[in-house]
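Enquirer: Need a 3D model of the sequence below.
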Amino acid sequence: MRKLDAFCKVIEFKSFTRAAKAMLLSQPTVSEHIRFLENELGEKLLERQGREVEPTPVGAVLYGYARKILQTRREAIQAVEQFSGRLAGRIAIGCGTIPGTYILPELVGSFHKKYPAIKTTLRINSSRLIAEEVLGGNLEIGVVGAKWNEPGLSWNRMFSDELILAAYPGHRWSAKVAVSLAEIVREPIIVRERGSGTRKVFSRILVEKGFREQDLQEVAEIGSTAAVKEAVKAGIGVAIVSRRAVSDEIQCGRLISIAIKDQKLKRPFYLIQRKNRELSPVISAFLEYMQEKASLLNDR
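Expert: Just a heads-up that it's a prediction; the model follows:
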């Protein structure tokens, strides 16, 4: 198992050195693990491509099975722990920027108090990339802010959010009660990266009202909510952002929220998982806990 784990880590980190560091082993030990597997199978499993290590065709085949073997081992240990009344292990949850920054950390903290032997990793990325990770089996579940047609995944509404138009306090719209979508389309605007749930939701609303994303006077495309907020504060442009993400800045007067005429930009966050995949005991425990707390978090 340790040798297969080392093999997978080398492929995932594309480096013997980084894999050894992640496993708290020496590089010669990791190299010896790989040599053992190659001798056992009689095949070369890894090769150098420039400065990085890549699997050979045979290595790629073994990697797929090795991941399944290691996952089955983890699930077996968790099942035995659960049977013994000691739920322990590690869970990895994929999440979009807003749920990963403003919703799940509090939930993970309270869950850890209930199950201190369960460790949690939050992987924050765009909704599209998280969905790909769940679909590919690298993650058991994800929480994302957009939904699209992906037959291999199940989508269950879990949390809610509201998108708002944010501007800096000295903006010429600061005295307005509300602005129209037509006005927003003509205003310099900062947008999130493609694949972002926020961008997908706003783009869909534009189309529903007869506009296109290309009509926007885009001045910057930025890949993080924190950076978008700083750009708005700097006066670069306005932005559509999560109310959860800017509540502190609005309370302190560093940003202002401007209503959009005849629009409430409500959006859900979805729990996604691969269809027909049996979840591990620790993930099942976290899902049950998350469902219990979802309504309380949505009321905030």
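
Enquirer: where along the stretch 51-200 of the chain do the helices fall?
Expert: Assigned helices in the stretch 51-200 of the chain, in chain order: 57-83, 97-98, 104-114, 127-135, 181-185, 197-208 (criterion: DSSP state H, counting those that start in this stretch).

Enquirer: Quick check: buried residues in the helix or strand that contains Glu288?
Expert: Secondary-structure assignment from DSSP states H and E places Glu288 in helix 281-298. Of the residues in helix 281-298, those with enough neighbours to count as buried (16 or more other C-beta atoms under 10 Å) are Pro281, Val282, Ile283, Ser284, Ala285, Phe286, Leu287, Tyr289, Met290, Ala294, Leu297. Bear in mind the C-beta positions are built from the backbone N, C-alpha and C, glycine included.

Enquirer: what angle separates that helix from helix 57-83?
Expert: Computed with axes from the mean of the first three to the mean of the last three C-alpha atoms, to 10 degrees, the direction of helix 281-298 lies at 70 degrees from that of helix 57-83.

Enquirer: Can you tell me what sits against helix 281-298?
Expert: Counting contacts by C-beta atoms under 8 Å, 6 or more residues apart in numbering, the residues outside helix 281-298 that touch it are 75, 78-79, 81-82, 87-91, 93, 103, 106-107, 110-111, 114-115, 118, 120, 140-141, 158-160, 271, 279.

Enquirer: that older thread, among the helices of the stretch 51-200 of the chain, which is nearest Ile164?
Expert: Distances from Ile164 to each of the helices of the stretch 51-200 of the chain were compared using C-beta to C-beta; the shortest belongs to helix 197-208, at 10.7 Å.

Enquirer: Please report how far Ile118 lies from Tyr289.
Expert: Plainly put, Ile118 is 10 Å away from Tyr289 if you go by C-beta to C-beta, to the nearest Å.

Enquirer: and what of Glu75?
Expert: When distance is defined by C-beta to C-beta, Glu75 is 19 Å away from Tyr289.

Enquirer: again with Pro281
Expert: The value you get for Pro281 to Tyr289, if C-beta to C-beta is used, is 13 Å.

Enquirer: what do you get for Ala259?
Expert: The span separating Ala259 from Tyr289 equals 36 Å under the rule C-beta to C-beta.

Enquirer: next one: Leu24
Expert: In this structure, Leu24 lies at 30 Å from Tyr289, with C-beta to C-beta as the measure.

Enquirer: and if you look at Lys119?
Expert: Lys119 sits 15 Å away from Tyr289 when distances are taken as C-beta to C-beta.

Enquirer: what's the answer for Gly59, then?
Expert: From Gly59 to Tyr289 the distance is 39 Å (C-beta to C-beta).

Enquirer: what comes up buried for stretch 251-259?
Expert: Leu255, Ile256, Ile258.

Enquirer: let me fix that: stretch 53-68
Expert: With the criterion 16+ other C-beta under 10 Å, stretch 53-68 contains buried residues Val53, Pro55, Gly59, Leu62, Tyr63, Ala66, Arg67.

Enquirer: list the contacts for the spatially closest residue to the fourth one that is not a sequence neighbour?
Expert: Meaning Leu62. Using C-beta to C-beta, 6 or more residues apart in numbering and skipping residues adjacent in sequence, the residue nearest Leu62 is Leu45, 6.2 Å away. By C-beta under 8 Å, 6+ apart, the contact list for Leu45 reads Phe7, Ile34, Leu37, Glu38, Pro55, Thr56, Val58, Gly59, Leu62.
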